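Chemist: Here you go, sequence then predicted model.
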Amino acid sequence: MPAIGGALTVAGVRRGTSALRIVSLFPSLLGTYGDGGNVLVLAQRARWRGQRVDVVSVSAEDTIPTSGDIYVLGGGEDGSQLAAMSALQGSGREASPLAVAVEQGAQLLAVCAGLQILGEWFLDGSGTQTPGLGLLDLRTSRLGRRAVGELLADPEPSLALPPLSGFENHGGHTVLGSTTRPLATVRRGVGNGPSSGRARASEGAVTDRIIGTYLHGPVLARNPALADLITARALGVAVGELEPLDVAEHEALRRRVNADG
Amino acid sequence: MELATGDGHGNNVQVLHRDRLQVGGVKALGGREWLALLAGRAAASASRATGRGAGATLPGKVAGRVAPGLLASLGAGRRIAVVSGTNGKTTTTRMLTAALRSTGPVLSNEDGSNLARGVLTALMTDPRRRLATCVFEVDELALDPVAGDIHPDLFVLCNLSRDQLDRMTEVRVLVGVWQQLLGRAAAEAEVSRVPAPVVVANVDDPMVVAAVLPGPGSAPVLPVIWVSAGQPWSADAAACPRCSRPWDLGPRFACRYCDFAQPEPTWHLAGDTLVGPQRIERALELSLPGRANRANAVMAAAAAAQLGIPVDSALPPMRRLDSIGGRYASVDVAGVPVRLLLAKNPAGWQEMLALGVEEAPPGPPGPVVLALNAQGPDGKDTSWIWDVPFEQLADRVVYVSGERAEDLAVRLRYAEVAYTLATDPLDAVSRIDTAALGRRVDLLANYTAFTALCRRLAVP
């Protein structure tokens, strides 16, 4: 579909770069739960559509580029989360490069520990409160009991996504601020954890530039439509304008997940 | 406190002082404990009679409930080595046991039942404590309670990496557990005024080193023999295990923020050559394949030397091992030569995939059939398959099977590895035309998939 290539080129030109730049933030620190797969899914789907892709892996000692199109944060252990948080803060009084990139219009996918980092603060396993980046209006304390298991959730209707599935494994209880939209509503599992005034728990958080979730699997391997939503937003096109990909494996996996109940 | 040092020849060595046999106290079994032994045996017979098999853990499970102190009682008065770590503990245990048997009988949980009840089941086979020397494989998390009961004289610590995160625990938590238990063992020895137990530890794994060197400083909590056994898996050591600040994990590690650094090894490998103290240099020449088994062998040889077995006595029985509970076994499946491989976690899968490449004669390596399950013992979350470099399979014939075949299929699609989905791993084997390929098939499975295959193939 040449129109798609055209759209990509337009987006690329608009952004001053012809390749889709995917920035993998601290893949070794925040890669405990296989979340590195999210970067591979985003990159391969773009390549299969004929898009040139640059994947930039940023370690905690590197300078974080602000020119990326999509930033990806994964889950990790408490110590790694603190190391990642300190690396994200930027130096001195300057704003975090990640906040700058999002401000400039970049997309950000943040999973588990990554989601918690984006909030106002989070408690680690020892009960110490650490300030987050404040990109999302949410706070994370601790669940009474660690949430471990399959998670199934119905996405925020305006996202027009099929149900989201994945595996959660976290001790965080995330409470969303009154203006923060959840990514989804939990059908099975724990997600953000119990919230007062809601019959069903929320899962993750979403803005027009940020997707935060507790889902591993990795989440984009389990939910390719979410990968395409992020890509379309990064390119400034509608999801429907992306060339459809025939990856039959996803359909077979969806059937497997449904059959396992 | 005397420091035990091994020269690898068994000569003039301070070998685990006899006084250590007093740790915990040796006394005759009480009435309740004999009752527990009988109860455990009765449960095993009943289970056998109903066709469910005796199990390698049932007697210990039952007896441990009847007399919770039985593990400590039966462990007292023996010389005990424990082997723990994420990968290689069954093989290292078998190698060390084989080496020690060159001089006399050894009690071991060789079937790999590595929780407290498995260790107790093994000890219950010798209630009168006739076998003085024991080698036990112990699960990483179970090491703390088990060591608290049986007071090992030697800790063999192989490696630590992510494994079944839904039911185990994160690697750094395990490091903390090990630090505590080694510290407690040191304190107990001091209070009892006996020589401290000795640690044989993989110096190439920052997580193992952190458990032995809790810091600050570089003084180990117990006397330690450092062994360079390698650790190709580095993904769990992205930050310094002592201060959590990021570091570059080079060929040798040293944190520039705190004083955590890699010690000098006493034993190491140079290719296939085992290099030890006092100019020991011996070709390993194992029957078992691959880097991971050479690593297991150098750990076992160093541990054996520490227990007084010279390397020339230790190596021959280790070389003869060619299959460990079905792992690496060669079987014939309807005329097709197959090698069984077990890998339970991403580090293990990485080692087993590398094995095919390492051994390949000129030309592409042979076909591989993958079988992935996600039952309780496997861990229910298979996200970790995205940490495994399946891209390496690009030039091999690949079949995918198991309860989570669909998850693997997605992973392989994104790795751009062509594969065939099979409902059954043995069915996949029978579909491979190895006559045309002239190569054996590697069948690589995770835990429950592997044990199911062993049962069907009557292996071992």
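Modeler: Received, thanks. The shown structure was predicted, so the numbers you read here are calculated from the model rather than taken from an experiment. Numbers count the residues shown, from 1 in each chain, chains lettered A, B, ... in the order given.
Chemist: Look up which residues are beta-bridged to the nearest residue to B:Thr420 once chain neighbours are set aside.
Modeler: In space, and not counting its chain neighbours, B:Thr420 is closest to B:Tyr399: 5.1 Å by Cβ to Cβ, 6 or more residues apart in numbering or on different chains. C-beta coordinates here come from the backbone N, C-alpha and C atoms, glycine included. Note on B:Tyr399: beta-bridge partners B:Val369, B:Thr420, judged by DSSP bridges.
Chemist: could you dump the host helix or strand of B:Val357 to CSV, C-alpha only?
Modeler: Assigned by DSSP states H and E, B:Val357 belongs to helix B:346-359. Provided in CSV are the C-alpha atoms of helix B:346-359 (Å, rounded to 0.1, in the frame of the first residue of the first chain):
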residue,chain,number,x,y,z
PRO,B,346,16.4,-18.1,29.9
ALA,B,347,20.1,-18.6,31.0
GLY,B,348,19.6,-22.4,30.5
TRP,B,349,17.9,-22.0,27.1
GLN,B,350,20.7,-19.7,26.0
GLU,B,351,23.3,-22.4,27.0
MET,B,352,21.4,-25.1,25.2
LEU,B,353,21.0,-23.1,22.0
ALA,B,354,24.7,-22.3,22.1
LEU,B,355,25.5,-26.0,22.5
GLY,B,356,24.1,-26.7,19.0
VAL,B,357,26.2,-24.0,17.5
GLU,B,358,29.4,-24.9,19.5
GLU,B,359,29.3,-28.6,18.4
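Chemist: by contact count, what packs against it?
Modeler: On a contact count with 3 or more Cβ pairs under 8 Å, 6 or more residues apart in numbering or on different chains; DSSP states H and E, helix B:346-359 meets helix B:290-306, strand B:336-342, strand B:441-445.
Chemist: one step back: could you report the pLDDT at the residue nearest to B:Thr420?
Modeler: Reported pLDDT at B:Tyr399 in the predicted model: 96.
Chemist: Next to chain A, which bits of the stretch 351-460 of chain B? Give me the list.
Modeler: Residues of the stretch 351-460 of chain B lying close to chain A (Cβ under 8 Å from any Cβ of the partner chain) are B:380-381, B:383-387, B:404, B:406-407, B:409-411, B:413-414, B:416, B:421.
Chemist: Could you pull up phi and psi at B:Trp226?
Modeler: Main-chain torsions, B:Trp226, degrees, to the nearest 10: phi -90, psi 130.
Chemist: And it, how far from A:Arg198?
Modeler: B:Trp226 sits at a distance of 55 Å from A:Arg198 (criterion: Cβ to Cβ, to the nearest Å).
Chemist: who has more neighbours, the two?
Modeler: B:Trp226 (23 against 13; other Cβ atoms under 10 Å in any protein chain shown).
Chemist: Correct me if wrong: that one contacts B:Pro263.
Modeler: Yes. If you go by Cβ atoms under 8 Å, B:Trp226 and B:Pro263 touch, sitting 5.0 Å apart.
Chemist: Point to the residue nearest the middle of the chain.
Modeler: As the question left the chain open, I've gone with chain A. Of all residues in chain A, the one closest to the mean position by Cα atoms, centre = their mean is A:Leu109, 2.2 Å from it.
Chemist: let's do chain B instead
Modeler: Closest-to-mean residue, chain B, Cα atoms, centre = their mean: B:Lys89 / 1.1 Å.
Chemist: The closest residue to B:Leu340 other than its chain neighbours: neighbouring residues, count only.
Modeler: Among residues not flanking B:Leu340 along the chain, B:Ala329 sits closest, at 4.9 Å (Cβ to Cβ, 6+ apart). B:Ala329 sits with 20 neighbouring residues when counted by other Cβ under 10 Å.
Chemist: Please report the distance of B:Ala329 from chain A.
Modeler: To chain A, B:Ala329 is 30 Å away according to Cβ to the nearest Cβ, to the nearest Å.
Chemist: got CSV for the helices and strands packed on helix B:346-359, with mean neighbour count and mean pLDDT too?
Modeler: Below are the helices and strands packed on helix B:346-359 laid out as CSV (neighbours: other Cβ atoms under 10 Å in any protein chain shown; pLDDT from 0 to 100):
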stretch, mean neighbour count, mean pLDDT
helix B:290-306, 27, 97
strand B:336-342, 22, 94
strand B:441-445, 25, 95
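Chemist: before we move on, the earlier item: ok, what's across the strand from the residue nearest to the centre of chain A?
Modeler: A:Val72, A:Ile211.
Chemist: Please list all residues in contact with it.
Modeler: By Cβ atoms under 8 Å, 6 or more residues apart in numbering or on different chains, the residues touching A:Leu109 are A:Asn38, A:Ile70, A:Tyr71, A:Val72, A:Leu73, A:Ile211, A:Thr213, A:Val219, A:Leu220, A:Ile230.
Chemist: still on that earlier bit, let's see which of the residues of the stretch 351-460 of chain B next to chain A end up in helices.
Modeler: B:Glu406, B:Asp407, B:Ala409, B:Val410, B:Arg411, B:Arg413, B:Tyr414 (DSSP state H).
Chemist: Could you export those residues to JSON lines, including columns for pLDDT?
Modeler: Shown next, in JSON lines, are those (pLDDT from 0 to 100):
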{"residue": "B:Glu406", "pLDDT": "97"}
{"residue": "B:Asp407", "pLDDT": "97"}
{"residue": "B:Ala409", "pLDDT": "98"}
{"residue": "B:Val410", "pLDDT": "98"}
{"residue": "B:Arg411", "pLDDT": "98"}
{"residue": "B:Arg413", "pLDDT": "98"}
{"residue": "B:Tyr414", "pLDDT": "98"}
